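**Q** Fold the following for me, if possible:
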Amino acid sequence: MNTNILQNSAKRMPIALCLDVSPSMGMKKRIEHLNIAVKMFFKSLKDDPKVLSSAEIAIVCFSTGVVADRDFRYLDAFPIPRFAPVKKGRTNMAAGIQRALEKIRDHKYILDTSEIEYHVPFLIVITDGNPDNNDDKELLGKVVEELKELGHLPESEQIVPIIVGVGDESDSDKLDEIASGFAVKALRVNSLDEEENLFTDIFTFISKSVLYSVKGDRNASEQIKATLAGYNQLQEQFEQAKLRSVF
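**A** Residues are numbered from 1 along each chain as shown. The predicted structure follows:
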């Protein structure tokens with residue numbers, strides 16, 4: 001744990017990024033597009049003083065297993081990350097999500113025992129893989145059930161999962177199941193012509209959700225309701241992008 005995390009009493013906004021860096025994410029400039037969107041996301045949050053003292057970021061990157069694991073840190077102490085695909089590996093999404101959930105649980109425990117309030121944490125998962133082909137099926141089943149169960153907990157104990165499938169190879173049904181504790185289905189980035197804009201739209205939406213929650217000091221119910229409304233709007237926008245790519 002970074003002990004500096006406890007040096008102020010601001011209500012926290014934990015955000016965990018769980019990102020696929022398997023070799024296929026290097027295709028079609030996906031990692032480049034993701035890096036552009038993440039840079040914009042960090043900058044938009046750092047530009048607001050209240051968010052700067054509230055937001056905390058953790059990062060888990062996965063391929064065949066977890067390949068990068070960075071603990072929660074204050075946003076102002078977190079340099080803007082730049083991701084790159086591994087040269088060899090597959091997509092073990094279950095291992096990545098499990099580790100990200102562990103990090104969120106551990107961090108919530110630290111904040112609870114330190115009597116520091118926090119907003120509902122965000123978990124952002126981005127993958128272009130097919131979990132059924134590469135994951136430990138038992139572990140994947142446990143992860144799916146845990147995320148689905150979170151939606152039945154009191155709102156103050158929930159996590160907001162933003163699940164994003166990239167490209168036609170990602171398993172829509174499994175990703176929708178993972179997302180179902182929060183939304184009807186996962187977001188889909190599968191319009192190559194608009195992929196860069198769609199990544200940016202995802203992180204713009206998350207940034208707005210964070211700013212809304214922190215600057216307005218929203219309670220859990222208000223945060224979840226507003227985030228879900230924004231998510232559904234983004235879902236419709238992505239469906240329109242998919243139609244444009246077909247016709």
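
**Q** Please count neighbours and contacts with C-alpha atoms only from this point.
**A** Noted.

**Q** Please pull up the helix or strand immediately following the worst-scoring helix or strand of the chain on mean pLDDT.
**A** In the chain, the helix or strand scored least confidently by mean pLDDT, DSSP states H and E is helix 131-134, which has a mean of 60. The C-terminal neighbour of helix 131-134 among helices and strands, as given by DSSP states H and E, is helix 137-150.

**Q** Flag every buried residue along that following helix.
**A** For helix 137-150, burial by neighbour count (16 or more other CA atoms under 10 Å) applies to 140, 143-144, 147-148, 150.

**Q** Need the max-distance pair from the residues you listed.
**A** Based on CA to CA, the longest span within the buried residues of helix 137-150 runs between 140 and 150 and measures 15.5 Å.

**Q** Make JSON lines out of the buried residues of helix 137-150 and add distance to residue 236 and pLDDT.
**A** Formatted as JSON lines, the buried residues of helix 137-150 follow (distance: CA to CA, whole Å; pLDDT from 0 to 100):
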{"residue": "140", "distance to residue 236": "28", "pLDDT": "86"}
{"residue": "143", "distance to residue 236": "27", "pLDDT": "89"}
{"residue": "144", "distance to residue 236": "24", "pLDDT": "88"}
{"residue": "147", "distance to residue 236": "23", "pLDDT": "89"}
{"residue": "148", "distance to residue 236": "22", "pLDDT": "86"}
{"residue": "150", "distance to residue 236": "24", "pLDDT": "83"}
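
**Q** So which residue is dead centre in the chain?
**A** Against the mean C-alpha coordinate of the chain, by CA atoms, centre = their mean, the closest residue is residue 124 at 0.6 Å.

**Q** looking at this, that residue is in a strand?
**A** Yes. Assessed with DSSP: H, G, I helix; E, B strand; the rest coil, residue 124 lies in a strand.

**Q** returning to that earlier point: in a markdown table: the buried residues of helix 137-150, plus distance to residue 100.
**A** Below are the buried residues of helix 137-150 laid out as a markdown table (distance: CA to CA, whole Å):
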| residue | distance to residue 100 |
| --- | --- |
| 140 | 13 |
| 143 | 11 |
| 144 | 13 |
| 147 | 12 |
| 148 | 15 |
| 150 | 14 |
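
**Q** re the thing from before, wait, isn't the residue nearest to the centre of the chain in contact with residue 163?
**A** Yes. Using CA atoms under 8 Å, residue 124 makes contact with residue 163 at a distance of 6.1 Å.

**Q** what touches both of these two?
**A** Here residue 124 and residue 163 share no contacting residue, scored by CA atoms under 8 Å, 6 or more residues apart in numbering.

**Q** Just the buried residues of the longest helix along the chain, please?
**A** Across the chain, the longest stretch assigned as helix under DSSP state H is helix 220-246. Neighbour-count burial for helix 220-246 flags 220, 223-224, 227-228, 231, 234-235, 238-239, 241-242 (criterion: 16+ other CA under 10 Å).

**Q** so how far is residue 28 from residue 42?
**A** Distance of residue 42 to residue 28, computed by CA to CA, to the nearest Å: 23 Å.

**Q** the more surrounded of the two?
**A** For residue 42 and residue 28, the more surrounded residue by other CA atoms under 10 Å is residue 42, and the numbers stand at 20 against 12.

**Q** The spatially closest residue to that one that is not a sequence neighbour: neighbour count?
**A** The shortest distance from residue 42 to any non-neighbouring residue, by CA to CA, 6 or more residues apart in numbering, is to residue 80 (6.5 Å). Residue 80: 15 surrounding residues under other CA under 10 Å.
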